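K.L.:
Please work out how this folds:
(2 chains)
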Number of protein chains: 2
Amino acid sequence: MTEKPLILIVNDDGYEATGLEAMVEIAKTFGEAVVVVPDRTRSAMSHAITMNEPLHVKQYKQRDGVSYWRTNGTPVDCVKIGQRVVLRDRKIDLILSGINHGSNSSVNVVYSGTIAAAIEASFSHPAVGLSLLDYSPNADFTAAIHFGKKIVAEVLKHGLPQHTCLNVNFPNVKIDEIKGIRVTRQADTYWEQDLEERIDPIGRKYYWLTGHLVDVDHKEDTCEWALAHNFISVQPVQYDMTAHQYINDLKYLENVQ
Amino acid sequence: MTEKPLILIVNDDGYEATGLEAMVEIAKTFGEAVVVVPDRTRSAMSHAITMNEPLHVKQYKQRDGVSYWRTNGTPVDCVKIGQRVVLRDRKIDLILSGINHGSNSSVNVVYSGTIAAAIEASFSHPAVGLSLLDYSPNADFTAAIHFGKKIVAEVLKHGLPQHTCLNVNFPNVKIDEIKGIRVTRQADTYWEQDLEERIDPIGRKYYWLTGHLVDVDHKEDTCEWALAHNFISVQPVQYDMTAHQYINDLKYLENVQ
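P.N.:
Numbering: from 1, shown residues only, chains lettered A, B, ... in the order given. This is a model prediction of the structure:
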């Protein structure tokens, strides 16, 4: 790469997130950064796209050579708008998603807007999603920025396998407490979920979604293990959701008439 | 199974969809059906969940032994509400999602609310998502009902591998034109997308998401091939999105310090 790389940044926490500025700090180290993000919090939007209403996009800031755009679309829409509208005639070198406030490890991959955006990006570009295990709006991104720069440098140098993004999660600890990086697989986990019942002032029931993550895996090659032991988890993620291992077992269904 | 099975039905096209009644017709053949669906169209919502606003659920119909509930939640929320609120103390035997108006084959899996709901269901139950390759509100579900019953009968009899749902897509043809069933893998495809620019009456630009599916695969073991040749595609789908085949190639990242 001889020219300065062009880096598109998206997220799911919206244009006011602290994690967005952390990502800009990473990207500026390497090249020209352009931000296209939701105009409000769009966490847990997964791979949702906007088909039933029109999309808007507007530049809201230009600072230190970085242009910032926001849209009413989802995180995945941000990728499409970045590629097709904001940077329409330019060659994008890398797409970064985040830095997310909160974990996107294990089963969170399927709910996450941050990782869905990275997956969408990976259809056509090298893409990395970054997340810090701290939901707080005032989360400390120092270690994530430090190691994020190192990981992004490697991706810019070596590229990534086709149609594969990296899902990077940082444990919520200080730089000197981080033990290193582990390349992991998705842990077998699920959300033990409940719907907390409340009564509104008019006497009608309503519910809040609550729950906690259950790890039924615990193996040392998983993201959850790495993060629990203060390693950064780097996970290759693809969009192929076929359970290939069961195709032969299910072949009997071809005899149904 | 000695007792009449209890079947939860969800969808992403909402409570007014013709495909919902088609799914009820399938489920009623086998047992007691309970419907929990969105109160409006929630297509392309993927695995989105509702965390930033309260959820409501209300019974809106009881007919022929089937109880119908609708909610402001997403398709995946419908699964959680069905399990945790509507059928809280009852044992669910099967969760069905659809019948969707339109294809959920290949890359559509990652955008689809129908299949996301089936994946969510598969964390704890046997689950099947059904889709017909016809977006029309007046689509003809005759063949889908006919073969859907046969596939559901097999699933009730044999079960499914753990944490695996079936993504079933029906070609949009008459019963006697269907060549049979193929157990397939997800075709390597992507949406060649564009954002169609328009100007509103006040002179502001806005965009509609448009596009067409590009198949770069074409192999005979894929969903797209099966459907193009008038076979029903039955695909085992899992929530593990790890690109396992690249873990070793990326191990060099563990040396980054």
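
K.L.:
right, and A:Ala22 touches A:Ile99 too?
P.N.:
Yes - between A:Ala22 and A:Ile99 there is a contact under CB atoms under 8 Å: 4.7 Å. Backbone N, C-alpha and C define where each C-beta goes, glycine included.

K.L.:
what residues do those two have in common as contacts?
P.N.:
Residues within reach of A:Ala22 and of A:Ile99 at once, by CB atoms under 8 Å, 6 or more residues apart in numbering or on different chains, are A:Phe141, A:Ala144, A:Ile145, A:Gly148.

K.L.:
any idea which element the second one lies in?
P.N.:
For A:Ala144, the enclosing helix or strand under DSSP states H and E is helix A:142-158.

K.L.:
Determine the set of other helices and strands touching that helix.
P.N.:
Helix A:142-158 sits against helix A:18-28, strand A:94-101, strand A:127-132, strand A:164-170, strand A:231-238, with contacts defined as 3 or more CB pairs under 8 Å, 6 or more residues apart in numbering or on different chains; DSSP states H and E.

K.L.:
State the number of residues packed around the nearest residue to A:Ala118 once chain neighbours are set aside.
P.N.:
Spatial nearest neighbour of A:Ala118, chain neighbours left out: A:Gly129 (3.6 Å); criterion: CB to CB, 6 or more residues apart in numbering or on different chains. Counted by other CB atoms under 10 Å in any protein chain shown, the residues lying close to A:Gly129 total 33.

K.L.:
Contact partners for A:Gly129?
P.N.:
Applying CB under 8 Å, 6+ apart, the residues near A:Gly129 are A:96-98, A:100, A:104, A:112, A:114-115, A:117-118, A:165-168, A:237.

K.L.:
Could you do A:Ser46 as well?
P.N.:
Counting by CB under 8 Å, 6+ apart, A:Ser46 has contacts A:Val110, A:Tyr111, A:Ser112, A:Gly113, A:Ala116, B:Met45, B:Ser46, B:His47, B:Ala48, B:Ile49, B:Val76, B:Ala116.

K.L.:
Mark which of the residues you listed are buried, thanks.
P.N.:
By neighbour count, with 16 or more other CB atoms under 10 Å in any protein chain shown, those hold A:Val110, A:Tyr111, A:Ser112, A:Gly113, A:Ala116, B:Met45, B:Ser46, B:His47, B:Ala48, B:Ile49, B:Val76, B:Ala116 as buried.

K.L.:
Surely the fourth one touches A:Ile49?
P.N.:
No - contact between A:Gly113 and A:Ile49 fails when scored by CB under 8 Å: they sit 11.2 Å apart.

K.L.:
quick one: common contacting residues for the two?
P.N.:
A:Thr74, A:Val76.

K.L.:
quick one: low-confidence ranges for chain A?
P.N.:
A:1-2 (pLDDT under 70).

K.L.:
If we use 80, what do you get?
P.N.:
A:1-3 (pLDDT under 80).

K.L.:
roughly how far apart are A:Asp12 and B:Ala116?
P.N.:
As judged by CB to CB, to the nearest Å, A:Asp12 and B:Ala116 stand 16 Å apart.

K.L.:
again, but for A:Asp221
P.N.:
27 Å.

K.L.:
got the residue ranges for the strands in chain A?
P.N.:
In chain A, strands defined by DSSP state E lie at A:6-10, A:32-38, A:57-63, A:66-71, A:94-101, A:127-132, A:164-170, A:180-183, A:189-199, A:205-215, A:231-238, listed in chain order.

K.L.:
Reformat those as JSON lines; add distance to B:Trp191.
P.N.:
As requested, those are arranged in JSON lines below (distance: least, CB to CB, whole Å):
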{"stretch": "strand A:6-10", "distance to B:Trp191": "17"}
{"stretch": "strand A:32-38", "distance to B:Trp191": "18"}
{"stretch": "strand A:57-63", "distance to B:Trp191": "19"}
{"stretch": "strand A:66-71", "distance to B:Trp191": "18"}
{"stretch": "strand A:94-101", "distance to B:Trp191": "16"}
{"stretch": "strand A:127-132", "distance to B:Trp191": "16"}
{"stretch": "strand A:164-170", "distance to B:Trp191": "17"}
{"stretch": "strand A:180-183", "distance to B:Trp191": "29"}
{"stretch": "strand A:189-199", "distance to B:Trp191": "29"}
{"stretch": "strand A:205-215", "distance to B:Trp191": "30"}
{"stretch": "strand A:231-238", "distance to B:Trp191": "16"}
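
K.L.:
which one of those strands lies closest to B:Ala153?
P.N.:
For B:Ala153, the closest of these is strand A:189-199, at 27.8 Å, according to CB to CB.

K.L.:
can you pull the buried residues of the closest one?
P.N.:
Applying 16+ other CB under 10 Å to strand A:189-199 flags A:Thr189, A:Tyr190, A:Trp191, A:Gln193, A:Asp194, A:Leu195 as buried.

K.L.:
Likewise for stretch A:18-27?
P.N.:
Quick answer for stretch A:18-27 (16+ other CB under 10 Å): A:Thr18, A:Gly19, A:Leu20, A:Ala22, A:Met23, A:Val24, A:Glu25, A:Ile26, A:Ala27.
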